[in-house]
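Colleague: no FASTA, just this:
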């Protein structure tokens, strides 16, 4: 079985799609604010700004990794891309089609091409349904995809494709391990042969060795099926192995966007530098040779984010302008490693700056 034997590692070439084709999914100024109700009359007294002006482009065959702390808006962004949530404002264009303008059967047809794999394999599968019924459910909804007489064979082919025994089609989810359940979720996600797969932390609930197996499987499927991924995660190591480009989110905003080499080798935003400085070093001979950036203070509430740059209350580079002017996500700085960063004082760091945080100035504003 796929999860027996020695632990597997992430293969260097397996996950990445190296996409560079034409745009397939474009988000423009995407906003999602949740109302906060209060008082006897349950009036709106504020808003949780979960996603606040996110824009990006996903190309065919590409994997875009989305990283950030818990509560930064990653999962909300994924649901907006799937139209499981309606946006407060903004636009998502899929293959040239405005997703939010579609209704009824038109939206149903569009959903064939963009599917999702959920985070928790233990709760995303109905325990009362067999694996065959779970994986074959998309064929019930989109009855014209596979003839009724061929659905069992189609489901068995999908199970085989994701590394499961096709003869286990009549088993229930509790009879599988966590990694095998996530393979079932992936099989369901690719049943309609989609063009884009939204992966909402698909390996965070799995053991490390099983994570490697699932990530390598996703790389194999990407190459064979021509998939494009939006891979949402908080594990920077996993994201580095699977992503062509990486977007870093903080408090509902995208603060840095670039290729995997640019983000991990030459981060320019202080928040990205702090995240990378906290990644464990596997080589014991290198430990202790870099300074970890320890951010002071708590993450502000998305219901009351700071003015200007949202990171300025925790940033050692913060100056007066940071508390008043929200920096745009544009190419900074100039040079071969130039990529998009939302920081007034962005500068290239080799892996991470050596920063004495004890000298960090008091935040302004």
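Modeller: Noted; the coordinates are in hand. Keep in mind that this is a model prediction, so the values were computed, not measured. Numbering: from 1, shown residues only.

Colleague: pLDDT at the spatially most central residue of the chain, what is it?
Modeller: For the chain, the residue sitting closest to the mean C-alpha position, by CA atoms, centre = their mean, is residue 232 at 1.4 Å. Among the per-residue scores, residue 232 holds a pLDDT of 96.

Colleague: Please report the distance of it from residue 247.
Modeller: 10 Å (CB to CB, to the nearest Å). (Each C-beta comes from the backbone N, C-alpha and C, glycine too.)

Colleague: shared neighbours of those two, anything?
Modeller: 65, 66 (CB atoms under 8 Å, 6 or more residues apart in numbering).

Colleague: follow-up on the earlier one: which residues touch the residue nearest to the centre of the chain?
Modeller: 65, 66, 74, 75, 77, 78, 198, 199, 200, 201.

Colleague: how does it look with 6 Å?
Modeller: The contact partners of residue 232, by CB atoms under 6 Å, 6 or more residues apart in numbering, come to 66, 74, 78, 200, 201.

Colleague: distance from the centroid: which residue in this protein tops it?
Modeller: residue 40 (38.3 Å).

Colleague: May I have the secondary structure class of that one?
Modeller: At residue 40, secondary structure determined by DSSP: H, G, I helix; E, B strand; the rest coil is coil.

Colleague: And the next helix or strand past the helix ranked longest in the chain?
Modeller: Using DSSP state H to define each element, the chain has its longest helix at helix 208-225. Downstream of helix 208-225, the first helix or strand assigned by DSSP states H and E is strand 228-232.

Colleague: Phi, psi for residue 320 please.
Modeller: phi -60, psi -40 (degrees, to the nearest 10).

Colleague: how many other residues sit next to it?
Modeller: 11 (other CB atoms under 10 Å).

Colleague: what separates it from residue 248, distance-wise?
Modeller: For residue 320, the distance to residue 248 - CB to CB - is 24 Å.

Colleague: One more: residue 29?
Modeller: Residue 29 is 18 Å from residue 248, by CB to CB.

Colleague: Between these two, which has more neighbouring residues?
Modeller: Neighbour tally, residue 29 and residue 248, criterion other CB under 10 Å: the higher count belongs to residue 248, 26 against 12.

Colleague: In the stretch 201-350 of the chain, where is pLDDT below threshold?
Modeller: Residue ranges of the stretch 201-350 of the chain with pLDDT under 70: 281-290, 335-336, 350.

Colleague: Tell me which stretches of it form helices.
Modeller: Remark: helices assigned in the stretch 201-350 of the chain by DSSP state H, counting those that start in this stretch are 208-225, 236-242, 260-265, 270-277, 320-324.

Colleague: Spatially nearest residue to residue 297, not counting backbone neighbours?
Modeller: residue 314 (5.0 Å; CB to CB, 6 or more residues apart in numbering).

Colleague: The one you found: neighbour count?
Modeller: Residues lying near residue 314 (other CB under 10 Å) number 20.

Colleague: That one is in contact with residue 293, isn't it?
Modeller: No: if you go by CB atoms under 6 Å, residue 314 and residue 293 don't touch, sitting 10.1 Å apart.

Colleague: quick one, strands of the stretch 1-150 of the chain?
Modeller: With DSSP state E, counting those that start in this stretch as the criterion, the stretch 1-150 of the chain has strands at 23-38, 43-59, 63-67, 89-94, 97-98, 114-117.

Colleague: Quick check: which of these is buried the most?
Modeller: Per-stretch averages of neighbours, counted by mean count of other CB atoms under 10 Å, single out strand 63-67 among the strands of the stretch 1-150 of the chain, with a mean of 27.
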